[in-house]
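Visitor: here's my sequence, what's the structure:
(2 chains)
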Number of protein chains: 2
Amino acid sequence: MHTYDISLTISPDMPVWPGDPAVMLERFEKMENGGNANVSRIAMSVHTGTHVDAPYHFIASGKTVEHLSIITLTGRAYVLHLPDVDRITAAVLEKADIPPRTRRILFRTRNSEVWARQENDFKSNFVAITADGAQYLADRGFKLVGVDYLSVAPFKEGKPTHEILLNAGVVVLEGLNLSQVSQGRYTLYCLPLKLANCDGAPARAILVGV
Amino acid sequence: MHTYDISLTISPDMPVWPGDPAVMLERFEKMENGGNANVSRIAMSVHTGTHVDAPYHFIASGKTVEHLSIITLTGRAYVLHLPDVDRITAAVLEKADIPPRTRRILFRTRNSEVWARQENDFKSNFVAITADGAQYLADRGFKLVGVDYLSVAPFKEGKPTHEILLNAGVVVLEGLNLSQVSQGRYTLYCLPLKLANCDGAPARAILVGV
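Guide: So this is what the prediction gives:
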């Protein structure tokens, strides 16, 4: 039974969404300068690296991130490997042979290779889920959808995919590194920071082999 | 099988360690102002709320937080209820009847009542582990030690307890809210943010009944 850490390392070098602030990590108390301990502070967008979106990210009356159910964020999940697609459409999902009763699905695409190669420039041509793909997932009762780049929606087309999933109560998990994970069944533990009244939160996510 | 969220909610009102910056949470993109989405940023000490300490917090050559083992951070744990003690000493631990082979231990003390009552002023008289208590835990092979206030060590006596535990490779988990959890056995999932080269990291932690 192997455990896979599918989280991105948070550092000042990592790519962030255009318009978001870069990650700031600074050690403000230093033992070598006579400090009692080493103590750092962090500043970043809550949509940095591996993170979840709360409904409030795109829905003015939507739930905030501390109210997402831990029961939804943890449990059986299916990793679907789609090495050759540029968009995750309803047609792609239709023929993907997803096991029945799957409620949490994580898409491994060519995006994960970007993390494996540690390329730190922002890629606008990342693989993401189209509006009809999102509708397919919402209609079939998926509770959590995870992707391996910084947005579940294609670049410059953020609204439809996010709105469909978040309105349907689907938890959106973004910024996964699935480069080490084969297609198949796992148990997911996705634990986002419990930020008050917030539109999203950075998370640590792991998969345990079943 | 019940799941307990034992994490503190991170908000600008919460108490922080004296000298640490207060939590800043700010929504910098707002739908009501014409933004495409709601997007927030956070700034805080990495030792805010529920968090882990890496050895590098007190040991100049110590491991940083992204290298803590997920295997240590997750697994069977014992919650010990000590409602009446002011310090967790070797003598207290000796007579506590901790089940054999316990490797992860979380101490529920009167500190947890502070969180239950949502008191947001910093308390300097919190219950913590003395140096001889830390030595007892290190000698007996504990791998993770969790406490329910912001430091594992008594106020103004930070160094000995931290150094003993961190030098022994014990993961230190601080800032738990155990007010809803009875004494007994659980499975712990403690997932700290994967911060690069850092002395600690905020975490979400849950307990699952066994």
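Visitor: make it CA atoms for all contacts and neighbour counts henceforth
Guide: Fine.
Visitor: which residues touch the residue nearest the centre of chain A?
Guide: Nearest to the mean C-alpha position of chain A, by Cα atoms, centre = their mean, lies A:E174 at 1.6 Å. Residues in contact with A:E174 (Cα atoms under 8 Å, 6 or more residues apart in numbering or on different chains) are A:G49, A:T50, A:H51, A:V52, A:D53, A:G146, A:V147, A:D148, A:Y149, A:L150, A:S151, A:V152.
Visitor: partner residues bridging it?
Guide: Each beta-bridge partner of A:E174 is listed here: A:H51, as defined by DSSP bridges.
Visitor: and it, how far from A:R117?
Guide: Distance of A:E174 to A:R117, given as Cα to Cα, to the nearest Å: 18 Å.
Visitor: and the gap between the residue of chain A positioned farthest from its centre and chain B?
Guide: Centroid-distance maximum for chain A: A:G34 at 39.6 Å, with Cα atoms, centre = their mean. Per Cα to the nearest Cα, to the nearest Å, A:G34 is found 12 Å from chain B.
Visitor: now do A:T3
Guide: For A:T3, the distance to chain B - Cα to the nearest Cα - is 8 Å.
Visitor: what's the burial count for that residue?
Guide: 15 (other Cα atoms under 10 Å in any protein chain shown).
Visitor: can you check A:V127 too?
Guide: 29.
Visitor: who touches it in this structure?
Guide: A:V127 touches A:V85, A:D86, A:R87, A:I88, A:T109, A:R110, A:N111, A:Y149, A:P154, counting by Cα under 8 Å, 6+ apart.
Visitor: write a PyMOL command that selects only the buried members of the residues you listed.
Guide: Here is the PyMOL command that selects the buried residues among the contacts of A:V127 (16 or more other Cα atoms under 10 Å in any protein chain shown):
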select buried, chain A and resi 86+87+88+109+110+111+149+154
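Visitor: now, which of the contacts of A:V127 sits nearest chain B?
Guide: Of all the contacts of A:V127, chain B sits closest to A:P154, with 14.3 Å by Cα to the nearest Cα.
Visitor: check which helix or strand covers that closest one.
Guide: Using DSSP states H and E, A:P154 maps to neither a helix nor a strand.
Visitor: what is the neighbour count of the closest residue to A:A131 other than its chain neighbours?
Guide: Nearest residue to A:A131 in three dimensions, chain neighbours excluded: A:T161, at 4.6 Å (Cα to Cα, 6 or more residues apart in numbering or on different chains). Counted with other Cα under 10 Å, residues neighbouring A:T161 total 22.
Visitor: about what we covered before: among the contacts of A:E174, which are in strands?
Guide: A:H51, A:V52, A:D53, A:G146 (DSSP state E).
Visitor: distance of the second one from chain B?
Guide: For A:V52, the distance to chain B equals 12 Å [Cα to the nearest Cα].
Visitor: per-residue pLDDT of that residue, please?
Guide: Looking at A:V52, its pLDDT reads 98.
Visitor: tell me how far it lies from B:Y186.
Guide: Taken as Cα to Cα, the span from A:V52 to B:Y186 is 26 Å.
Visitor: repeat that for the last one.
Guide: For A:G146, the distance to B:Y186 equals 28 Å [Cα to Cα].
Visitor: isn't A:G35 up against B:G19?
Guide: No: applying Cα atoms under 8 Å as the test, A:G35 and B:G19 come out as separate, 11.8 Å apart.
Visitor: more neighbours: those two, which one.
Guide: A:G35 (12 against 8).
Visitor: what about the more buried one, is that helix, strand or coil?
Guide: The assignment at A:G35 comes out as coil when based on DSSP: H, G, I helix; E, B strand; the rest coil.
Visitor: what's the closest non-adjacent residue to it?
Guide: Leaving aside its sequence neighbours, A:G35 sits nearest to A:E29 (Cα to Cα, 6+ apart; 5.7 Å).
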